[in-house]
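J.: Prediction below, plus the sequence it came from.
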Amino acid sequence: MSVLKLDEKASQTGFANLVGVSQQAISSQVKKENLSENGTYQEWLHQYCDQLRQQAAGRGGEDQVDVAKATYEEKTVKTAIMRLEYNEKISTTIHEEEAYQFLSDWAIYSAGQFRRAFERLRDDLKSQFDIDLPKELSEKHAGTAIDRVRGYALKLGASSGESGGVADASEEEKH
């Protein structure tokens, strides 16, 4: 076992062995100018310990903050990408355009169903109880429900950046 003299010029390999890290880690510290280029073992030991104390105290400087931010952003992006890839593999991802089309189709279908349900109710009241419900009255209530569904679908479409109408009367009758 060789004895290191603290006042000798430090070698990266010798210092790495002294502090228990790889020579590449020490080379990186020299390149970052955390360790002086031609320093002695004593100087490097002081510089290395100061660097470790600053890191432990959270004072690694702006570089450490930037690295931490970049690392966080990178992990966030990787996580999002992995989540998207996973969802695509199990076919649960719905793109914005598909979601808008789905909601639009649902609004058209629902509006037609509401209208026909009120018409059937009016017909049943007439046939079973001989109550003649004026068409205007059923249209008033059915129309309100249909308008609310249509308005909600339009609101969703507008928030997704889509334009275009939802559920006009001719489309309702198709469903």
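T.: Thanks, I have the structure now. Numbering: from 1, shown residues only.
J.: When you work out contacts or count neighbours from here on, use the C-alpha atoms and nothing else.
T.: OK.
J.: worst-scoring helix or strand of the chain, pLDDT-wise?
T.: Within the chain, no helix or strand scores below helix 169-174, which has a mean of 43 by mean pLDDT, DSSP states H and E.
J.: mind checking which helix or strand residue 146 is in?
T.: Per DSSP states H and E, residue 146 falls inside helix 135-159.
J.: buried set for that helix?
T.: For helix 135-159, the buried set under the neighbour-count rule, 16 or more other Cα atoms under 10 Å, comprises 138, 142-143, 145-146, 149-154, 156-157.
J.: Format those residues as CSV; extra columns: pLDDT and distance to residue 91.
T.: Below are the buried residues of helix 135-159 laid out as CSV (pLDDT from 0 to 100; distance: Cα to Cα, whole Å):
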residue, pLDDT, distance to residue 91
138, 80, 42
142, 84, 36
143, 85, 37
145, 85, 33
146, 85, 32
149, 82, 28
150, 79, 28
151, 83, 30
152, 81, 27
153, 75, 24
154, 75, 26
156, 73, 23
157, 68, 23
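J.: between those residues, which is nearest residue 51?
T.: Within the buried residues of helix 135-159, the smallest distance to residue 51 is 53.9 Å, found for residue 156 (Cα to Cα).
J.: if I look at that closest one, how far off is residue 96?
T.: 11 Å (Cα to Cα, to the nearest Å).
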